[in-house]
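> Need a 3D model of the following:
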Amino acid sequence: MEDDLANLRLWDEEEEAFQEDAMVGDQDYRICLVGRCLTDGVVNFPSLHNTMADLWHPIGGICISDLGDKRYLFQFFHKIDMQRVMLGTHWFFNNHLLILQNSSKEKTH
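Numbers count the residues shown, from 1 in each chain. You can find the predicted model right below:
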């Protein structure tokens with residue numbers, strides 16, 4: 001069994017997939033938004049994640065991280081997706097206002 005594991009190799013396609021996953025950690029924060037739900041109650045993060053991803057349906061996808069204290073990082077992979085969200089209507093989750101701010105100093109439009 002040890003010999004089998006020693007000879008284990010990844011195909012080129014598998015190596016590329018791992019490299020793309022690693023790039024998510026090196027995210028360009030110019031196309032990110034920081035959001036906060038205005039509520040005293042508890043925010044169910046998995047529900048927020050699913051609802052906003054389904055509602056916005058970004059072309060390039062989205063990664064949403066819980067920053068704690070009802071704050072969230074919305075990482076977009078295409079600038080147009082972030083611009084569409086920022087230029088859209090006021091956003092609500094479970095009848096609570098979701099305040100969004102660009103995480104960089106760069107203008108979004």
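> May I ask which helix or strand encompasses residue 48?
helix 45-56 (DSSP states H and E).
> Against residue 55, how distant is residue 84?
Between residue 84 and residue 55 the distance is 11 Å, computed by C-beta to C-beta, to the nearest Å. Heads up, the C-betas are built off the backbone N, CA and C, glycines and all.
> ok, those two, which is more surrounded?
Each of residue 84 and residue 55 has its neighbours counted (other C-beta atoms under 10 Å); residue 84 has more, 16 against 12.
> what sits against the more buried one?
Contacts for residue 84 (C-beta atoms under 8 Å, 6 or more residues apart in numbering) come out as 56, 58.
> returning to what we had before: which secondary structure elements does the helix holding residue 48 contact?
Packing partners of helix 45-56 (3 or more C-beta pairs under 8 Å, 6 or more residues apart in numbering; DSSP states H and E): strand 62-68, strand 71-76, helix 79-87, strand 91-93.
> list the contacts for the closest residue to residue 99 other than its chain neighbours?
Leaving aside its chain neighbours, residue 99 sits nearest to residue 36 (5.1 Å; criterion: C-beta to C-beta, 6 or more residues apart in numbering). Residues near residue 36 by C-beta under 8 Å, 6+ apart: 69, 70, 71, 72, 98, 99.
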